[in-house]
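J.: I would like to see how this sequence folds:
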Amino acid sequence: MSQRTLVLLKPDTVRRGLVGEVLGRFEAKGLSIVALDFRTIDADTADQHYAEHVERDFYPPLRDFVTSGPLVALVLEGDEAIEVVRALNGATDGRKAAPGTIRGDLSLSNRENLVHGSDSPESADREIKIWFPDLP
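T.: Numbering: from 1, shown residues only. Here you go, the predicted structure:
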């Protein structure tokens, strides 16, 4: 089943010069880039994107991190794209993520973990509308 998902290449990915490598992993898997934007987000956009986490203790440092510099927002499309992207990303904590995953190979952090991928079709729909409101 073809579906779309939102992916964020977070500021640490950009800062470390890993955008090409991470995008290449998604493309090599067979996912197609439908939309891509390089930008810095503000706190309001971060709050909208991470709405379910705003009241949690870990959120203020996460908001500071995602607004700290430019990131790449993109929409990927492909067969079971949501599940495929989450498998490629690996466990949230890069120290515990399996080798061969983006986080397992390239991250040593729980917060600065390089990538975000939508966790469900409902989240993907909501997040894509936040980041790419004009995308059909």
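J.: Would you map the helices across this protein?
T.: Applying DSSP state H to the chain gives helices spanning 11-15, 19-29, 43-49, 59-66, 81-89, 102-106, 121-131.
J.: how about JSON lines for those helices, with mean pLDDT, distance to Ser2 and mean neighbour count added?
T.: In this view, the C-beta of every residue, glycine as well, is placed from N, C-alpha and C. Shown next, in JSON lines, are these (pLDDT from 0 to 100; distance: least, Cβ to Cβ, whole Å; neighbours: other Cβ atoms under 10 Å):
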{"stretch": "helix 11-15", "mean pLDDT": "98", "distance to Ser2": "26", "mean neighbour count": "20"}
{"stretch": "helix 19-29", "mean pLDDT": "98", "distance to Ser2": "14", "mean neighbour count": "15"}
{"stretch": "helix 43-49", "mean pLDDT": "96", "distance to Ser2": "24", "mean neighbour count": "16"}
{"stretch": "helix 59-66", "mean pLDDT": "95", "distance to Ser2": "28", "mean neighbour count": "16"}
{"stretch": "helix 81-89", "mean pLDDT": "98", "distance to Ser2": "7", "mean neighbour count": "20"}
{"stretch": "helix 102-106", "mean pLDDT": "98", "distance to Ser2": "22", "mean neighbour count": "20"}
{"stretch": "helix 121-131", "mean pLDDT": "97", "distance to Ser2": "12", "mean neighbour count": "16"}
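J.: what about these, which gets the closest to Leu114?
T.: Nearest of the helices of the chain to Leu114, taken as Cβ to Cβ: helix 11-15 at 4.7 Å.
J.: who does the closest one touch, helix- and strand-wise?
T.: On a contact count with 3 or more Cβ pairs under 8 Å, 6 or more residues apart in numbering; DSSP states H and E, helix 11-15 meets helix 59-66, strand 71-79.
J.: For the spatially most central residue of the chain, give the beta-bridge partners.
T.: Among the residues of the chain, the one closest to the centroid is His116, at 2.2 Å (Cα atoms, centre = their mean). Applying DSSP bridges to His116 yields these beta-bridge partners: Leu8.
J.: Surely it touches Asp12?
T.: No: taking contacts as Cβ atoms under 8 Å, His116 lies outside contact range of Asp12: 11.5 Å.
J.: I am finished for the moment; much appreciated.
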